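# Sequence below, structure please.
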Amino acid sequence: MKLAINGGKPIRKNILQYGKQTIDESDKIAVMEVLNENKYLTTGPRVKQFEDDICKFVDVKYAVAVNNGTSALHCALSCLNLNKDDEVIVSCLSFVASSNAILYCGAKPIFCDIEESTMNIDANKIEELITNKTKALLVVDFAGQPCNYHKIKKITDKYNLILIEDAAHSLGCRINSCPHKPYVGSFADLTTFSFHPVKNITTCEGGMIVTNNKKYYNHMKSFRSHGISIDYKQREKSGSHYYEMTQLGYNYRIPDLLCALGINQLKRLPQWINKRQEIAKIYDNAFKEYSEYFKPLTQKYESAYHIYIIKLNLEKLKVSRDDIFKALKAEGLGVNVHYMPIHLQPYYKENIGTYEGLCPVSEDIYKRIITLPIFPTLLDEDIEDVITIVKKIIKYVIN
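A predicted model of the protein is given here:
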């Protein structure tokens, strides 16, 4: 199907990415300070400062910084001492890291379907998946909107399950349903963040786990550093060379250099979230006249708008999502799709025994979703291009 219009000339000459890091001079200065000091490039004082700053921001007691968001998930799940007979319920619609980390710990992911409106885990479908093997619930704040934690917490309390929040999309977002817990990260037993370049703040690559449980905190500090219980600071303080490996850990440490960037980025997070919300509102208003053909996600709570997703009404459009996707690309929009349901991935089908039809809502919505560009440094003309191009393609399809 050919959707290029106006003689095949795209509206944009250069591709507008769906997501992009925000780096300014202050970030460069913060990083250069570490290099100019020429003292700590790996683990140093800025790692602890970054952890402390995140703790203060989200109002928790403990934080452990690691080298990426996947490592953060692995660290969090490692606290549970899972084995091959254990199960962890997880959303079926997420990046594969969410459930892969369960496999790293030797347990089995049990996929729960999503709400069509928000694309978050469907809290009404969780209890039917709980067995005597269930140890935890791992939920994902999809696109930046927190899950229904009021209902989810009642379930985890009822069945004595550990609640892990994958907040890779939602750092900086307030939980409206819990005014006494203002930001995500202060609600679950363990919450993980990602600082990949397209996330709400970046450390180039990086992640973090926050918790109010001191036992989990001490375990994760050791787990991220080969399972060693006495770090170099403690050895220097005591004047000893001696250290002990008390568990099988990994090298998940994050460099001081990257934490310097994270410290500086965190200072501007609230204004960046506000900007993302402003852009989303502009999109929402601009696309209202086409609600018969596509809609954004329903917002039940405040969203950090890590990504902005539209859901196509394919029955009205008479074309596939991929037709629309390719047409938007041809016009200069670097659109994306978030995500293919994890249980449909070949590895999971072949090794875990998942199958098509396991989570019908996510399977249906996967065929209809497209991610549009959204990030704080989008220019007014970029935003206008997104709106113009989307409307152009939809008009072409329906006429």
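# Going by C-alpha atoms from here, please, whenever you check contacts or count neighbours.
Noted.
# can you give me the strands for the stretch 251-399 of the chain?
If DSSP state E, counting those that start in this stretch is used as the criterion, the strands of the stretch 251-399 of the chain fall at 294-296, 308-312, 333-334, 369-372.
# tell me the mean pLDDT over the strand ranked longest in the chain?
Longest strand in the chain by number of residues (criterion: DSSP state E): strand 134-140. The pLDDT scores in strand 134-140 average 98.
# now the helix or strand following it and strand 134-140, what's the angle there?
The helix or strand immediately downstream of strand 134-140 is helix 149-158, counting by DSSP states H and E. Angle, helix 149-158 to strand 134-140, by axes from the mean of the first three to the mean of the last three Cα atoms, to 10 degrees: 170 degrees.
# tell me which residues of helix 149-158 are tucked away?
Tyr149, Ile152, Lys153, Ile155, Thr156 (16 or more other Cα atoms under 10 Å).
# mind listing what the closest residue to Ser225 other than its chain neighbours touches?
Leaving aside its chain neighbours, Ser225 sits nearest to Asn251 (5.0 Å; criterion: Cα to Cα, 6 or more residues apart in numbering). Shown in contact with Asn251 (Cα atoms under 8 Å, 6 or more residues apart in numbering): Arg224, Ser225, His226.
# Quick check: of those residues, which lies closest to Pro341?
Arg224 (28.9 Å; Cα to Cα).
# residues near the closest one, how many?
Other residues near Arg224 come to 24 when the count uses other Cα atoms under 10 Å.
# cool, and Gln17?
17.
# For it, give me phi and psi.
phi -70, psi 150 (degrees, to the nearest 10).
# Over to Tyr183?
According to degrees, to the nearest 10, Tyr183 has phi -120, psi 150.
# what's the closest non-adjacent residue to it?
Nearest to Tyr183 is Arg174, by Cα to Cα, 6+ apart, at 4.3 Å.
# neighbours around the one you found, how many?
Counted with other Cα under 10 Å, residues neighbouring Arg174 total 21.
# how far away is it from Ala167?
As judged by Cα to Cα, to the nearest Å, Arg174 and Ala167 stand 12 Å apart.
# Find residues that contact each of those two.
In contact with both Arg174 and Ala167: Val184, using Cα under 8 Å, 6+ apart.
# Could you dump the strands of the stretch 251-399 of the chain into TSV with mean pLDDT and distance to Asn213 added?
Shown next, in TSV, are those (pLDDT from 0 to 100; distance: least, Cα to Cα, whole Å):
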stretch	mean pLDDT	distance to Asn213
strand 294-296	98	37
strand 308-312	98	34
strand 333-334	97	41
strand 369-372	98	36
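# Could you dump the ones you listed into a markdown table and include mean neighbour count?
Compiled in a markdown table, these are given as follows (neighbours: other Cα atoms under 10 Å):
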| stretch | mean neighbour count |
| --- | --- |
| strand 294-296 | 20 |
| strand 308-312 | 22 |
| strand 333-334 | 24 |
| strand 369-372 | 23 |
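# if we can go back for a sec, dump the contacts of Asn251 into TSV; add secondary structure as well.
As requested, the contacts of Asn251 are exported to TSV (DSSP: H, G, I helix; E, B strand; the rest coil):
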residue	secondary structure
Arg224	coil
Ser225	strand
His226	coil
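# coming back round to it: check pLDDT for the buried residues of helix 149-158 and point me to the minimum.
Tyr149 (91).
# re the thing from before, out of the strands of the stretch 251-399 of the chain, which comes closest to Met340?
Evaluated over the strands of the stretch 251-399 of the chain, closeness to Met340 peaks at strand 369-372, with 10.0 Å, by Cα to Cα.
# Show me how far stretch 25-38 is from its chain's centre.
27 Å (Cα atoms, centre = their mean, to the nearest Å).
# Equivalent analysis for stretch 334-347, please.
Averaging C-alpha positions (Cα atoms, centre = their mean) puts stretch 334-347 14 Å from its chain's average.
# pLDDT below threshold where in the chain?
Across the chain, the ranges flagged by pLDDT under 70 are 1-8, 176-181, 232-237.
# quick one: contacts for the spatially most central residue of it?
The chain has Ala168 as the residue nearest its centroid, 2.6 Å off, counting by Cα atoms, centre = their mean. By Cα under 8 Å, 6+ apart, the contact set of Ala168 is Gly69, Val140, Asp141, Thr192, Phe193, Ser194, Phe195, Lys199.
# Let me know how buried the closest residue to the second one other than its chain neighbours is, in neighbour terms.
Excluding the flanking residues, the one nearest Val140 by Cα to Cα, 6+ apart is Asp166, at 4.7 Å. Neighbourhood size, Asp166 [other Cα under 10 Å]: 32.
# tell me the contacts of Asp166?
Counting by Cα under 8 Å, 6+ apart, Asp166 has contacts Leu73, Ser98, Leu138, Val139, Val140, Asp141, Thr191, Thr192, Phe193.
# ok, so of the buried residues of helix 149-158, who is nearest Glu289?
Out of the buried residues of helix 149-158, the member with the shortest distance to Glu289 (by Cα to Cα) is Tyr149, at 32.6 Å.
# and the gap between that closest one and Met340?
In terms of Cα to Cα, Tyr149 sits 24 Å off from Met340.
# and if you look at Leu297?
Leu297 is 17 Å from Met340, by Cα to Cα.
# what's the answer for Asp53, then?
For Asp53, the distance to Met340 - Cα to Cα - is 34 Å.
# Same question for Phe325.
With distances taken as Cα to Cα, Phe325 is found 15 Å from Met340.
# could you pull out the strands for the stretch 1-150 of the chain?
Per DSSP E, counting those that start in this stretch, the stretch 1-150 of the chain carries strands over the ranges 16-17, 62-66, 87-91, 108-112, 134-140.
# Mind listing the strands the third one pairs with, and their directions?
Each strand that pairs with strand 87-91, with its direction, by DSSP bridges: strand 108-112 (parallel), strand 134-140 (parallel).
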